[in-house]
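Peer 1: Sequence and predicted structure, then a few things I'm wondering about:
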Amino acid sequence: MSLTIGLKKEVAGVSTAETSAVAMGSGSLKVLATPSMIALMERAASELVDENLSSEQTSVGISLNVKHIAATPIGLKLRAEATITSIEGRKIIFDVRAFDEREEIGSGTHERFIVDRKKFQSKADGKG
């Protein structure tokens, strides 16, 4: 595993009708939904971890604390970044930030936990 403090990943997206607050059921306006912004932030962190694990491992999100500070209309490009700020055994802590073409739209912290892919999936499937 080559995860280190300071390692960073950036991902891109676009604010679309499908990612709007109206479509997501999180509001009544045609602007980027908070859950959509969060998903982009989490994707950056998830991809960063997965790129540095064996194929038998993956990570799962365990905590997220973010502020959505600016509205983004439909059609603007988005980007989110995740930077590792702490590693505590199998727990990875990130600083996450999101931007549209004009400004920063959100920031916060995210935690992920490294798990064995098959064991975790088997345990989850056992709930069904």
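Peer 2: Structure's in. What do you need? Computed from a prediction, not measured in an experiment: that's the story for all the values here.
Peer 1: name the element residue 113 belongs to?
Peer 2: strand 104-116 (DSSP states H and E).
Peer 1: For that strand, which strands pair with it and how are they oriented?
Peer 2: strand 57-68 (antiparallel), strand 91-100 (antiparallel) (DSSP bridges).
Peer 1: For the ones you listed, give me JSON lines that also has distance to residue 109 and mean pLDDT.
Peer 2: Every C-beta, even on glycine, is put in place using the N, C-alpha and C of the backbone. Listed next are the strands paired with strand 104-116 as JSON lines, based on distance: least, CB to CB, whole Å; pLDDT from 0 to 100:
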{"stretch": "strand 57-68", "distance to residue 109": "5", "mean pLDDT": "98"}
{"stretch": "strand 91-100", "distance to residue 109": "6", "mean pLDDT": "98"}
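Peer 1: which of these sits most buried?
Peer 2: Of all those, strand 91-100 has the most neighbours on average by mean count of other CB atoms under 10 Å, namely a mean of 21.
Peer 1: May I have that one exported as CSV, CA atoms only?
Peer 2: Extracted in CSV, the C-alpha atoms of strand 91-100 (Å, rounded to 0.1, in the frame of the first residue of the first chain):
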residue,chain,number,x,y,z
LYS,A,91,-8.8,4.6,8.5
ILE,A,92,-8.0,7.3,6.0
ILE,A,93,-9.0,10.9,6.6
PHE,A,94,-9.3,13.4,3.8
ASP,A,95,-9.8,17.1,3.2
VAL,A,96,-12.4,17.4,0.4
ARG,A,97,-13.2,20.4,-1.7
ALA,A,98,-15.5,21.0,-4.6
PHE,A,99,-15.5,23.8,-7.3
ASP,A,100,-17.6,24.9,-10.2
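Peer 1: Identify all contacting residues around that strand.
Peer 2: Residues from elsewhere that reach strand 91-100 (CB atoms under 8 Å, 6 or more residues apart in numbering): 3, 15, 32, 37, 40-42, 44-45, 48-49, 59, 62, 66, 70, 72, 76-87, 104-114.
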